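J.: fold the following for me, if possible:
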Amino acid sequence: MQIVDQLGALNAQISALSEQAEAIKKILRQSGAGEYRGEVFRAVVSERSSSRIDSAKVRKILTDEQLAEVVSEVRSTSVSLFDL
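T.: As a prediction, this is how the structure comes out:
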């Protein structure tokens, strides 16, 4: 098996397991905030709120010079996998 095929097979397994985990998390979230214990693991459900900055609006408000002072570039390398 080619290394790319190994990655694809693993991603398929991860996807299936992630769907199962998300279904369980949904049930826990619906149960409300609190601590839930099993025989081996415990889960803590907590609620929080966060704020986000609308970057499109900020770009309209700030000048190019002001943007240059607060914007930083982050570079990354990614791997994308596609079915044949």
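
J.: give me the nearest residue to residue 4, chain neighbours excluded.
T.: Leaving out its chain neighbours, the residue that sits closest to residue 4 by Cβ to Cβ, 6 or more residues apart in numbering is residue 81, at 7.1 Å. Where you see a C-beta, it was placed from the backbone N, CA and C, and this is true even at glycine.

J.: you'd agree that neighbour is up against residue 5?
T.: No - counting by Cβ atoms under 8 Å, residue 81 does not reach residue 5; the two are 9.9 Å apart.

J.: neighbours of the residue nearest to residue 4, just the number please.
T.: When neighbours are defined as other Cβ atoms under 10 Å, residue 81 has 10 of them.

J.: gap between it and residue 19?
T.: To residue 19, residue 81 is 18 Å away according to Cβ to Cβ, to the nearest Å.

J.: one more: residue 77?
T.: Residue 77 sits 27 Å away from residue 19, going by Cβ to Cβ.

J.: more crowded one of those two?
T.: In this view residue 77 and residue 19 are compared by other Cβ under 10 Å, and residue 19 has more residues nearby, 9 against 4.

J.: can you tell me the helix or strand for the more buried one?
T.: Here residue 19 sits within helix 3-31, counting by DSSP states H and E.

J.: again with residue 65
T.: Following DSSP H and E, the helix or strand that holds residue 65 is helix 64-70.

J.: any idea of the mean pLDDT for the helix or strand hosting residue 43?
T.: Remark: residue 43 resides in strand 42-45, with elements defined by DSSP H and E. For strand 42-45, mean pLDDT is 94.

J.: please renumber the chain so that the first residue is 646 from this point on.
T.: All set: I'll call the first residue 646, so the last point we hit is now strand 687-690.

J.: which helices and strands sit right next to it?
T.: Contact analysis of strand 687-690 by 3 or more Cβ pairs under 8 Å, 6 or more residues apart in numbering; DSSP states H and E lists helix 648-676, strand 679-682 as its packing neighbours.

J.: partners of that strand, with directions?
T.: Here strand 687-690 is paired, per DSSP bridges, with strand 679-682 (antiparallel).

J.: right, I'll leave it there.
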